[in-house]
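> here is a sequence together with a model predicted from it:
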Amino acid sequence: MPLSQQTIDTVKATIPVLQEHGLAITSRMYDVLFEKYPQTRALFSGAPEDQPKILAAAVAAYAGNIDNLDALKDAVERMAAAHVRTNVKSEHYPMVGDAILTAMQDVLGDAATPEILEAWKEAYFFLADVLIKREEELYASSEAD
């Protein structure tokens, strides 16, 4: 199911906020993720030290291209391959989604309106579905080898 136009518009409207607070959001997201879901820590054992910065840039790129996902095709492919290398599974996505939405609320406070959080929830799980499908293909092809 495609993203709603309202979600696209709302996510695009948050680009300036992401530029200003993106690193704080992603840094907080990892704190929340590891506190609430300690089993995910192992997935990031080989992550670079600047992983929150990398994720902040990826989130901003997604927001900027949410209405043109073809522009993100290479980035999605790299992300899916990295996820397969680190054994990310579909059950991890709800944990990360919860952590990123919690981090947005923590960092942005009242500016994280229900409308913004709902739009980002829809956008996050839309992208999660794209990644999960691609990762399933990659897992299947590696099993066939």
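Cool, the structure landed. Numbers count the residues shown, from 1 in each chain.
> ramachandran coordinates for residue 113?
Main-chain dihedrals, residue 113, degrees, to the nearest 10: phi -70, psi 160.
> which residue is nearest the middle of the protein?
Centroid check for the chain by C-alpha atoms, centre = their mean gives residue 124 as the closest residue, at 5.8 Å.
> now that residue. Nearest residue, chain neighbours left out?
Nearest non-adjacent residue to residue 124, counting by C-beta to C-beta, 6 or more residues apart in numbering: residue 97, 5.0 Å away. The way it works is simple: take the backbone N, C-alpha and C, and place the C-beta from them, glycine included.
> so where does that neighbour fall, helix or strand?
Applying DSSP states H and E as the criterion places residue 97 in helix 92-108.
> mind listing what's buried in the next helix or strand after that helix?
Downstream of helix 92-108, the first helix or strand assigned by DSSP H and E is helix 114-144. For helix 114-144, the neighbour count (16 or more other C-beta atoms under 10 Å) marks 116-117, 119-124, 126-128, 130-132, 134-135, 138 as buried.
> can you pull the pLDDT of the residue nearest to residue 124?
You'll see residue 97 listed with a pLDDT of 98.
> that one - how many residues pack around it?
With neighbours defined by other C-beta atoms under 10 Å, the count for residue 97 comes to 17.
> let me see the contact set for residue 41.
By C-beta atoms under 8 Å, 6 or more residues apart in numbering, the residues touching residue 41 are residue 34.
> so how far is stretch 89-104 from its chain's centroid?
Computed by C-alpha atoms, centre = their mean, to the nearest Å, the chain-centroid distance of stretch 89-104 equals 8 Å.
> one step back: distance of the residue nearest to residue 124 relative to residue 131?
Per C-beta to C-beta, to the nearest Å, residue 97 is found 12 Å from residue 131.
> point out where the chain drops to low pLDDT.
Along the chain, the model assigns pLDDT under 70 to residues 145.
> my read is that residue 53 contacts residue 23, right?
Yes. Counting by C-beta atoms under 8 Å, residue 53 does reach residue 23; the two are 5.9 Å apart.
> between those two, which one's more packed in?
The residue with more neighbours, out of residue 53 and residue 23, is residue 23; 17 against 14, by other C-beta under 10 Å.
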